[in-house]
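> No letters, just coordinates:
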């Protein structure tokens, strides 16, 4: 399994920007649950990597009729806007924007005959929604 490494773009100096006192950079399992099977596989992947990585970044992309897409990549840098979930062998990093879409989700690793994958469960637990809409191809119709 080959994963790329994500490096956040350089942040522009905007003078002194203070992060709100209500921001906590620490994630808990209530924010993002990672099953034991997912933890074992992520630790295995990190330990096999020859790259110098800071952690595994969970990201949310796009949107649209089929809902958001979720993924993971290695990262070599923690930004000021990342939240962190620490494990013994690795860290999971989620920026605050992605966390709004992931809060309450579970990451699982499923190994079936001929198919292994990470699965994001309950990704709309906190925000509501189903990830599909009634008028598009994801629901059998056509997007306008």
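That came through fine. For clarity, every value in this text was computed on a predicted model and none was experimentally measured.

> Now for residue 94: which residues touch it?
For residue 94, the contact set (CB atoms under 8 Å, 6 or more residues apart in numbering) comprises 27, 32, 57-58, 82-83, 85, 102. Backbone N, C-alpha and C define where each C-beta goes, glycine included.

> Which of those residues fall within strands?
32, 57-58, 82-83, 85 (DSSP state E).

> re the thing from before, just name the closest of the contacts of residue 94 to residue 40, please.
residue 85 (15.4 Å; CB to CB).

> Relative to residue 109, how far out is that closest one?
Going from residue 85 to residue 109 by CB to CB, to the nearest Å gives 16 Å.

> what's the answer for residue 53, then?
For residue 53, the distance to residue 109 - CB to CB - is 19 Å.

> which helix of this structure spans the most residues?
The helix spanning the most residues in the chain, taking DSSP state H as the definition, is helix 36-48.

> And that one, what does it pack against?
Contacts defined by 3 or more CB pairs under 8 Å, 6 or more residues apart in numbering; DSSP states H and E place helix 36-48 against strand 55-61, strand 105-112.

> now the angle from the next helix or strand along the chain from the first one to strand 55-61?
The reference is to strand 55-61. Under the assignment DSSP states H and E, the closest C-terminal helix or strand after strand 55-61 is strand 69-75. Counting by axes from the mean of the first three to the mean of the last three CA atoms, to 10 degrees, strand 69-75 lies at 150 degrees to strand 55-61.

> Before I go, just wanted to say thanks for your time.
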